[in-house]
Structure formats: structure tokens, C-alpha cells
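Undergrad: here are the coordinates; sequence isn't available:
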């Protein structure tokens, strides 16, 4: 959530918890809270610098991502432009690759395994706005985590929404909107995405694989 137009709501609830604490607990919170707004703006400033750096300056780009994300494994590469909300809720494993236009709204934890590849314009959206119009206008929302297992390929334009877990070794077809959990080793596609078929030994071409 990036709208900062409503900043008048108190930053703490009646039980003393801050809006950030409610957000991280998966409960409803006000996204225009001043603390959360400041943290999003700080992340946007960092990403402005990241997206402006030439791709050949790999060490500088990697240093920025490592400072922004909660965890980054070895051999992480993210193309520009890239966008996220906070950064600290993002954890990526080894050999993560995100093609251009990736957008991850990490209001809840987003945990990505090893050898995960994103095509262009992949989106992961953890927040859900309130359905009631008045509550939504007052910036109430809640956020649910997203987990992606090892060796997943999300093709171009795929969208993964709040609360979804994607099993290891799966493929998300181009343009799919994933609204429910994906079993391990599955090909899913469509809007909303459904399991098309399992990925089996028949999909192996016999290419040489370096060990």
C-alpha cells in the first residue's frame, strides 16, 4: 500500500500495539500510519537509487539489495525497475533472479527459496484492503504472507496474491493470477490459476546438467 493521503489516524490501538505490530501480526491496520509511511518512503528512496544504477555496476546494486532486504542468498540478481514496499519483509534464497518490472508489496513476509526465477512484470501482493468502502477509504487493510519454494519459475506477468504458498519445482504460466496454494511440482495457469498438470519425467529433455 503506497497511498499516504490519510495520515490522521492514531499510530497505536487501544491495546497499545502500533500499526506496524498489527501489520506484522497479520491483523487489520491503517496503512497510512505515519511510522509505516516513513518506512515505505525510506524504501522508495533506496529503490530510486537502485533503479538508477547501471546494470554493469553489479557490486553496488547487490550492496543496496542486501541492505534493503531481510535476507539475501548468494548470486541474487534483480533487473530494474524493481519495486517493493518495505524490503525488510523480503527473504530470497540462493540464485534468485527477477526480470524487469517486478513488484513485491511486502507488508507481510515474502519468503522465496533457492533457484527461483521471475519473468518480466511478476507481482506479489501481500496486502488486502478492506472490502467496505468507508473502511477502505480510511486505509484499513491486512496482509498475509507469501511463500515460494525452491526451483519455482513464475513466467511473465504472473500475479501471486496474499496468503499463497507455492510448492517447490512448480511453474506459474504467463499471466496467471495465483489465488490459492500450488502443490509441489505443478504447472498452473489461468485467471484464477488452476493446476493444469503435474510436471513429470516426461518434461525432461535429457540436456546435459553440470554438477
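TA: Happy to help now that I have it. The structure presented is a predicted model; accordingly, all values stated were derived computationally and were not measured. Numbering: from 1, shown residues only.

Undergrad: so residue 41 sits in a strand?
TA: No. Counting by DSSP: H, G, I helix; E, B strand; the rest coil, residue 41 is not found in a strand; it is helix.

Undergrad: Now do it: how many residues are near it, please.
TA: 12 (other CB atoms under 10 Å). Backbone N, C-alpha and C define where each C-beta goes, glycine included.

Undergrad: Quick check, residue 87 in contact with residue 66.
TA: No. In this structure, residue 87 is not within contact of residue 66 by CB atoms under 8 Å, at 10.4 Å.

Undergrad: The two - which one has more neighbours?
TA: Taking neighbours as other CB under 10 Å, residue 87 and residue 66 compare with residue 87 leading, 21 against 11.

Undergrad: what is the residue lying closest to residue 173 once chain neighbours are set aside paired to in the beta sheet?
TA: Once flanking residues are discounted, residue 173 sits nearest to residue 189: 3.1 Å by CB to CB, 6 or more residues apart in numbering. Beta-bridge partners recorded for residue 189 (DSSP bridges): residue 194.

Undergrad: Which residues are in contact with residue 189?
TA: 172, 173, 174, 175, 176, 196 (CB atoms under 8 Å, 6 or more residues apart in numbering).

Undergrad: Make a PyMOL selection of the buried ones in the residues you listed.
TA: The PyMOL selection below is limited to those of these classed as buried (16 or more other CB atoms under 10 Å):
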select buried, resi 172+173+176
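
Undergrad: Sort out for me which of the contacts of residue 189 are in strands.
TA: Among the contacts of residue 189, the members falling in strands (DSSP state E) are 172, 196.

Undergrad: just the contacts of residue 189 now: which is nearest residue 166?
TA: residue 172 (7.1 Å; CB to CB).

Undergrad: quick one, what contacts the residue nearest to residue 69 when sequence neighbours are not counted?
TA: Counting by CB to CB, 6+ apart, residue 69 lies nearest to residue 90, which is 4.5 Å off, once chain neighbours are set aside. Going by CB under 8 Å, 6+ apart, residue 90 touches 68, 69, 70, 71, 84, 104, 106, 110, 112.

Undergrad: Surely the last one touches residue 96?
TA: Yes. Contact status for residue 112 versus residue 96: in contact at 6.0 Å, counting by CB under 8 Å.

Undergrad: quick one: contacts for residue 83?
TA: Neighbours of residue 83 in contact, by CB under 8 Å, 6+ apart: 47, 102, 103, 104.
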